[in-house]
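K.L.:
Predicted structure and sequence below. I'll ask about it afterward.
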Amino acid sequence: MKTTCIVCPVGCQLDVKKIGDEIKVSGNGCMRGVAYGKSEFECPKRIVTAIIKGDNQICSIKTTIPVEKAKITEVLSLLKLAPVKKYEIGEIVYKNIFESGADIVITSIQNDSVN
């Protein structure tokens with residue numbers, strides 16, 4: 001598998017292969033690239049960002065830590081069920097989604113001028 005490391009701005013081009021029981025990473029400029037390559041090979045994760053509707057608000061949200069890519073669709077489906085209420089920046093909308101350890105938190109708010 002070929003991938004670009006996103007841990008730092010260098011963007012090393014990684015080549016990740018499973019040889020026997022071991023995952024080998026090459027192309028990395030540092031040890032963080034090895035960890036990223038192995039993680040990406042075994043179980044890729046991403047921060048999820050989206051928008052939800054509050055009470056006369058449009059709220060940007062994000063997960064506090066990356067969640068498994070395979071769970072992103074479920075996370076987005078859960079957001080459709082978020083309560084329509086008055087939110088504040090930093091407020092947690094959902095805690096520990098799908099037992100992942102990730103919370104969904106409000107990151108910014110705009111007043112909804114279209115009712």
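P.N.:
Arrived safely.
K.L.:
Show me what counts as buried in the lengthiest helix in the chain.
P.N.:
Criterion DSSP state H: the longest helix present in the chain is helix 31-42. Residues of helix 31-42 classed as buried: Gly33, Val34, Tyr36, Gly37, Lys38, Glu40, Phe41 (neighbour count, 16 or more other Cβ atoms under 10 Å). C-beta coordinates here come from the backbone N, C-alpha and C atoms, glycine included.
K.L.:
any idea which residue sits dead centre in the protein?
P.N.:
Note on the chain: the residue nearest the mean C-alpha position is Ile47, at 1.3 Å, using Cα atoms, centre = their mean.
K.L.:
how about that one, what does it touch?
P.N.:
Contact analysis of Ile47 by Cβ atoms under 8 Å, 6 or more residues apart in numbering lists Lys62, Thr63, Ile65, Pro66, Val67.
K.L.:
Ok, Glu40 next?
P.N.:
Per Cβ under 8 Å, 6+ apart, neighbours of Glu40: Met1, Thr3, Leu14, Val16.
K.L.:
in its sheet, what does whichever strand or helix holds the last one sit against?
P.N.:
Secondary structure here is read from DSSP states H and E; on that basis Val16 sits in strand 13-19. When pairing is defined by DSSP bridges, strand 13-19 lines up against strand 2-4 (antiparallel), strand 22-26 (antiparallel).
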